[in-house]
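Peer 1: Sequence first, then the predicted structure:
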Amino acid sequence: MRARIGIHKAQLQIDLREVNLKQKTVEMLAASAKGTVPILVLANEQQTPTVIDESLDVMLWALTNNDPDNLLHSHDQIALPNMLKLIAQFDNEFKTCLNAYKAAKRYREDNVIECRHVCEVFIKELENRLMQSAFLMSEQESLADIALVPFIRQFAKVERQWYLQSPYPKVRQWLNHYLQSTMFTKVMAKHDLWVNNG
């Protein structure tokens, strides 16, 4: 999802191939042995194609090529390192907590609340940031915002009723800004499955 958001924000044209991860195509596995999405293949007539198979790297590639909304905050030298630090915290720490929270709810384990409390440490940090400015880094939208939206969307869905009553109104407002946007509708649009190299 976030790779698609990054490409959409960069206004780049790509050939999008929707895959069934339970029936991975030979071409997909040939491009990246990891067998996970996203996989961005950059064709090059002179040499072997370049493959980018991490969502954040796809976003950075896209916005480095074209950043009409200045999501990388190019005017500020410390902005991007600060964004990447926040994103890494969610990629490396929050994601683990979120997966435990989702699993506890799915399997009706008795530690759902405990798992949620661990996630809330990170959600509180975002709430505090959003009390200071409209977006996570400043009054201007950034890479950090679009990189974290998918995680917070997942968090919001685990215990929907609790989330709607939770003490995080700024996070809800921020997330709703994205979920109700035309951009979100476009990047979440379903495509026909790619079953061969046609």
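Peer 2: Alright, I've got the coordinates.

Peer 1: quick one: Ile83 and Ser142 touch, right?
Peer 2: One correction, residue 83 is Met, not Ile. Yes. Using Cβ atoms under 8 Å, Met83 is in contact with Ser142, at 5.7 Å. Heads up, the C-betas are built off the backbone N, CA and C, glycines and all.

Peer 1: Overlap of the contact sets of those two?
Peer 2: Residues touching both Met83 and Ser142 by Cβ atoms under 8 Å, 6 or more residues apart in numbering: Leu72, His73.

Peer 1: what's the weakest-modelled helix or strand in this protein?
Peer 2: Lowest mean confidence among the helices and strands of the chain (mean pLDDT, DSSP states H and E): helix 26-31, at a mean of 84.

Peer 1: The following helix or strand past that one: partners in the sheet, and parallel or antiparallel?
Peer 2: Moving toward the C-terminus from helix 26-31, the next helix or strand (DSSP states H and E) is strand 40-42. Neighbouring strands of strand 40-42 in its sheet, by DSSP bridges, are strand 50-52 (antiparallel).

Peer 1: ok, residues contacting the next helix or strand after the partner strand?
Peer 2: Sequence-wise, the next helix or strand downstream of strand 50-52 (DSSP H and E) is helix 55-65. The contact list for helix 55-65 (Cβ under 8 Å, 6+ apart) reads 1-3, 5-7, 9-10, 12, 38, 40, 52, 71-72, 87, 91, 143, 146-147.
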